[in-house]
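In: Requesting a structural model of the entry that follows:
(2 chains)
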Amino acid sequence: MVLRLWPGVSGIFTETMASNMPVAYSKGGSTMESEILGSMIEVRFHGRGGQGAVVASNILAEAGFLEGKEVSAFPFFGVERRGAPVTAYTRVSDRKIRIKSGIYAPDFVIVMDPTLVKAVNVVEGLKPEGLVLVNTKENADSLRRGLGITGEQKVATIDATGIAIKHRLGSKAAPIVNSSVLGAFARASGLVKLESLVSSIRHNVPVKLDENTAAAKEAFESVVMQ
Amino acid sequence: MKIMMTGNYASAYGAMAAKAEVVAAYPITPQTSIVEKIATLVSSGEMKCQYVKVESEHSAMAACISASQTGARAYTASSAHGLTLMHELLIWASGARTPVVMSNVNRAMGPPWSVWADQHDTMAQRDTGWMQVYCDSNQEVLDSIIMAYKVGERADIMLPSMIIEDAFILSHTMEPVDYPDPELVEGYLPSFDPRFRLDVDEPYGFGSLVMPNWYMEFRFKINEAMEKTRGAILEAEKEFEETFGRSYGGLMDFYKCEDADAVLVLAGTVASTAKHVADKLRSDGKKVGVARLRCFRPFPYDEVRQLAKMTNIIGVCDRSYTFGHWGPMATEVKGALYGLADVPTVKNYIMGLGGKDLTPEVLEKVFVKTLQLKDTGLDTEIEWIGVTGHGGW
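Out: Residues are numbered from 1 along each chain as shown, chains lettered A, B, ... in the order given. I've put the predicted structure just below:
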């Protein structure tokens, strides 16, 4: 299962990743795997301005980088304002990443704000066997119907808002959910190890390192996989 | 040591690695995080330089020219409307023979207002006497800044350089970048020591009036120096590779061109995506190559003529346009081919203006269109790719 996700990777990465993946997610045949591309995984983040989606895309990339992967992370740069929908992207690959254009058919989608599900077509272009992780208290089955996703596509949920508030990240009105969302994503996707993610979080967040770490770990343990 | 950074941070760290002594800059999207980062590095003491706040890009360049004339290594960064506001001073910088280095983030010119990638801003500075290096990775941005000082500060050159990165596609994209060992940089890039400088103890006059009997001689000397940059860029890159283990292909970076039926000429990040697509097409048996135009000035005249020996069909992909003629790169490529016995078919594509995304799918179609010219001959001199409502896709 793990080897299908990272066919070009061997040794320590795969083994430690496997040990971290009690609910590891298998990608199936839709990954862009070829002699040329290697195995490149593309992730799209949906957040709202001020929530930290761009930072989250950077943290995820750096976690992959710490595992020796080639990575890139970039935002879709629109007219930025607090509260407006924001999109950011991460690529993780076992080869040099030469593609310098946007991501239109992601392997994974991460939705950081539950209200975005109704505002934006968050699953647009999601690969047939892709996975969407949503920060929500909603039940995965009803979310699946709401998103209109079908077939092999998978849904994972996490109450990242609740976890962030519990660990006093941001305010109750505007919690900082990115560390929680990424903790959940690490487990749901198996893309990066929890340890790498935690190192990256601690390197990238300016304050509350321990609280962010605890939130990521709690979310890693409590993500709900459909 | 490899660390994650955006193209803009690579610019800032490039200036720091090269030990720029004076930075004068004015912020503009999408360049802003370059000057923000430099300001942070200066305030924390990591970067030892004089950071000069100015009220416009015009003043930024004036300050850089003045600093350079005192013998200080000067750096600035700009983009689009900021760069074009500098235009007068850009010409002054080369005329005054000041080896200033500037990062420019390629952004479309308004109106209509746009902040996204487009090479119009720098292409419009073709005749200012600046070297222009178009990068396709954050590492190349950082490394090219160091190499630019090495070339520009040579006593027989003394000319400024622009190191160019695509808006957002590099400027705001995080990639792993190796920050070079300061000791190695010090060995590679000696301190700036111009023969003539502004010095109150030994006064000289600079840039004053010359009569018609001498003006042309100054212009001749500038061009003589610019001609020397062709060799100097290659030498600097060779030494860079020996020191740091990285190189970027000189003035024109050929990728699988030797036996190609068709080659695309591109500049900036789109060339990186095109290399990926070329590999894909080659695995399908289609013989295509990529010639990444790394320097627009000095123009890779010899390299373009070499390319004509490798392939019979060239597609030139301009991410800018000169209204009333072809794209600027196509114009220069065709000019370089004039007089050859066997001139390849050259088609010009205009694409990606104002940040229109140049995906692998778009590039594959352009490659296939170009390959088809083998059977059909040149269908049209110039084609705009992806224009909505005009049969585009």
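
In: most centrally placed residue in chain A?
Out: Central residue check for chain A by C-alpha atoms, centre = their mean: the C-alpha nearest the mean position is that of A:Phe185, 4.6 Å away.

In: Could you pull up phi and psi at that residue?
Out: The phi/psi pair for A:Phe185 (degrees, to the nearest 10) reads phi -70, psi -40.

In: Quick check, it in contact with A:Ile201.
Out: No - because the distance of 12.0 Å does not satisfy C-beta atoms under 8 Å, A:Phe185 is recorded as not touching A:Ile201. Placement of C-beta: from N, CA and C, glycine included.

In: Mind listing the shared neighbours of those two?
Out: Both A:Phe185 and A:Ile201 lack any common contact, where contact means C-beta atoms under 8 Å, 6 or more residues apart in numbering or on different chains.

In: any low-confidence regions in the stretch 1-150 of chain B?
Out: Within the stretch 1-150 of chain B, no range satisfies pLDDT under 70.

In: Which stretches in the chain count as helices?
Out: Just going to use chain A. According to DSSP state H, chain A carries its helices in the segments A:2-5, A:12-19, A:53-66, A:116-119, A:140-147, A:160-166, A:178-189, A:194-204, A:209-222.

In: switch to chain B, that's the one I care about
Out: Under the criterion DSSP H, chain B contains helices at B:7-17, B:32-43, B:57-69, B:80-85, B:87-95, B:120-123, B:138-152, B:182-188, B:212-244, B:269-283, B:301-310, B:328-337, B:360-376.

In: deepest of those, which one?
Out: The highest mean neighbour count among the helices of chain B, using mean count of other C-beta atoms under 10 Å in any protein chain shown, belongs to helix B:7-17: a mean of 28.

In: Is the residue nearest to the spatial centre of chain B bridged to anything, and to what?
Out: Among the residues of chain B, the one closest to the centroid is B:Val133, at 2.4 Å (C-alpha atoms, centre = their mean). According to DSSP bridges, the partner residues bridging B:Val133 are B:Ile163, B:Cys295.

In: May I have the residues that are in contact with it?
Out: With contacts taken as C-beta under 8 Å, 6+ apart, B:Val133 has the following neighbours: B:Ser144, B:Ala148, B:Ser161, B:Met162, B:Ile163, B:Ile164, B:Arg294, B:Cys295.

In: which residues touch A:Leu197?
Out: With contacts taken as C-beta under 8 Å, 6+ apart, A:Leu197 has the following neighbours: A:Ile59, A:Leu60, A:Ala63, A:Leu182, A:Gly183, A:Ala186, A:Ala216.

In: Can I get these in TSV including distance to B:Lys238?
Out: Formatted as TSV, the entries for the contacts of A:Leu197 read as follows, by distance: C-beta to C-beta, whole Å:
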residue	distance to B:Lys238
A:Ile59	38
A:Leu60	38
A:Ala63	37
A:Leu182	43
A:Gly183	48
A:Ala186	44
A:Ala216	47
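
In: Reformat these into TSV and put distance to chain B, neighbour count and pLDDT next to each item.
Out: As requested, the contacts of A:Leu197 are exported to TSV (distance: C-beta to the nearest C-beta, whole Å; neighbours: other C-beta atoms under 10 Å in any protein chain shown; pLDDT from 0 to 100):
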residue	distance to chain B	neighbour count	pLDDT
A:Ile59	10	28	98
A:Leu60	10	33	98
A:Ala63	10	29	98
A:Leu182	15	32	98
A:Gly183	20	29	98
A:Ala186	18	27	98
A:Ala216	18	29	98
